[in-house]
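1. Predicted coordinates and the sequence they were generated for:
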Amino acid sequence: MIRKTNFFCVLFLLSLCSCKEYFKNDFQENSPTSGKLNVYFDEGLNSHVTELTEVFEANYPNAHIYLNKVNDDQAIQALLNDSCKAIIVSRPLNVQEEKAFKSKKIVADLSIVALNGMALMANQSLPIKSLSHEIIVNLLTKDNTIIDSLGKELKLTIVFDKNNSSVLHYIKDSIIKNQAFAKHCNTLSNTNEALEYVSKTPNALAFIDFAGFSDSDDTLNRYYTNKIKFMPVKKVGSDTAYFPNQSSFLLKQYPYIRKIYVYKTAAEFSLAKGFQTFIAGPKGQHIFLKAGLMPTKQQERSIQVKLN
């Protein structure tokens, strides 16, 4: 009887040990390559973040990342409120947000992983070769009349990708400096709707996140190839207009460049850290490069020249 009792005690202890993994909280007890992680991210980066996540999970099958598509403000609030341990956004924390993190004694570790930009999209038939920063400010805040390439007056309709989007916040903060938008400016539901509107409206101009249309191999990009076009923009005091692309981002020629930031509040030995490191590492940087954005860390190439 005593032997039977001892036998069942051993079985009970073994069952507890085997259930330890089952009962652990994978959102808390994780490692750089395993467990569960909530990530909030700027919706303009949707295709890039989705691909980064798919490749990371393919490399590390025990890692499970749950994506939450929001705007920059909402992502930062989610990190502050501990709704997640990592976010991917298109702007740094502002002064008020830094104070809020400091007041809660939360350290938000930062990696800048790529260069992005705000793009202006126009109908393929729009007879305008380029726009200056000064004209863009005027279009957004005052008059929608512009002189086209033939010297004729043209009235434009301005559309934005979405209300409270990171692009709209960027325009308010960095371009029009908190001035009021003109009445001819309209907000749509998302980037796809803005692109569709421009493709059907000859005199429309859409302000979107470049990342949403940066991949030339993407199905969306191919669909609109002959319908819409990027509008090149001149910096203040410059006579040369530049398109948004990897080269103009790297050389700081395009006026509306933005950076992509990965913030984490988790410990160093965590899935949040592993995901952040992956994005900033060779595989993550290659994904940005392939999809039309400019990675912040270029891989070194060794070229050997043989002289005969």
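-> Ah, there it is. Numbering: from 1, shown residues only.
2. Okay, the nearest residue to residue 149 once chain neighbours are set aside and residue 120: tell me how far apart.
-> Closest residue in space to residue 149, ignoring its immediate chain neighbours: residue 127 at 4.9 Å, by C-beta to C-beta, 6 or more residues apart in numbering. Bear in mind the C-beta positions are built from the backbone N, C-alpha and C, glycine included. Look at residue 127 and residue 120: by C-beta to C-beta, to the nearest Å, they are 15 Å apart.
3. The two: who's more crowded?
-> Using other C-beta atoms under 10 Å as the criterion, residue 127 and residue 120 rank with residue 120 on top: 23 against 13.
4. Tell me the bridge partners for the more buried one.
-> residue 207 (DSSP bridges).
5. and residue 230, what does it touch?
-> 119-122, 243-244 (C-beta atoms under 8 Å, 6 or more residues apart in numbering).
6. and of those residues, the nearest to residue 201?
-> residue 122 (9.7 Å; C-beta to C-beta).
7. in the stretch 101-250 of the chain, what spans have low per-residue confidence?
-> Of all residues in the stretch 101-250 of the chain, none has pLDDT under 70.
8. hey, where'd the strands end up in the stretch 51-200 of the chain?
-> Using DSSP state E, counting those that start in this stretch, the strands of the stretch 51-200 of the chain run over 63-70, 86-89, 109-123, 131-132, 145-147, 153-155, 157-160, 185-187.
9. Let me have these in TSV, extended by distance to residue 35.
-> TSV is the format used below for those (distance: least, C-beta to C-beta, whole Å):
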stretch	distance to residue 35
strand 63-70	7
strand 86-89	12
strand 109-123	18
strand 131-132	48
strand 145-147	54
strand 153-155	55
strand 157-160	38
strand 185-187	39
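10. Out of these, which is the most enclosed?
-> Mean neighbour count (mean count of other C-beta atoms under 10 Å) peaks for strand 86-89 among the strands of the stretch 51-200 of the chain, with a mean of 27.
11. okay, which residue is most central for this structure?
-> residue 45 (3.2 Å; C-alpha atoms, centre = their mean).
12. quick one: contacts for that residue?
-> 88, 90, 116, 209, 211, 260.
13. please redo it, this time with the cut-off set to 7 Å
-> By C-beta atoms under 7 Å, 6 or more residues apart in numbering, the residues touching residue 45 are 88, 90, 211, 260.
14. Tell me which of the strands of the stretch 51-200 of the chain lies nearest to residue 281.
-> The closest of the strands of the stretch 51-200 of the chain to residue 281 is strand 109-123. By C-beta to C-beta, the value is 9.5 Å.
15. Tell me how far the closest one lies from the chain's centre.
-> Centroid separation for strand 109-123 versus its chain: 7 Å, with C-alpha atoms, centre = their mean, to the nearest Å.
16. try stretch 62-81
-> Between the mean C-alpha location of stretch 62-81 and the chain-wide mean there is a distance of 12 Å, by C-alpha atoms, centre = their mean.
17. which residues sit against that stretch?
-> With C-beta under 7 Å, 6+ apart as the test, stretch 62-81 has contacts from 33-43, 46, 49-50, 53, 56-57, 84, 87, 89-91, 93, 97, 100-101, 104, 106, 108, 164-166, 169, 263, 265, 271, 275.
18. tell me the mean pLDDT over it?
-> Mean pLDDT, stretch 62-81: 96.
19. Got the domain ranges for the chain?
-> 25-115+259-295, 117-258 (automatic domain parsing).
20. Noted, bye for now.
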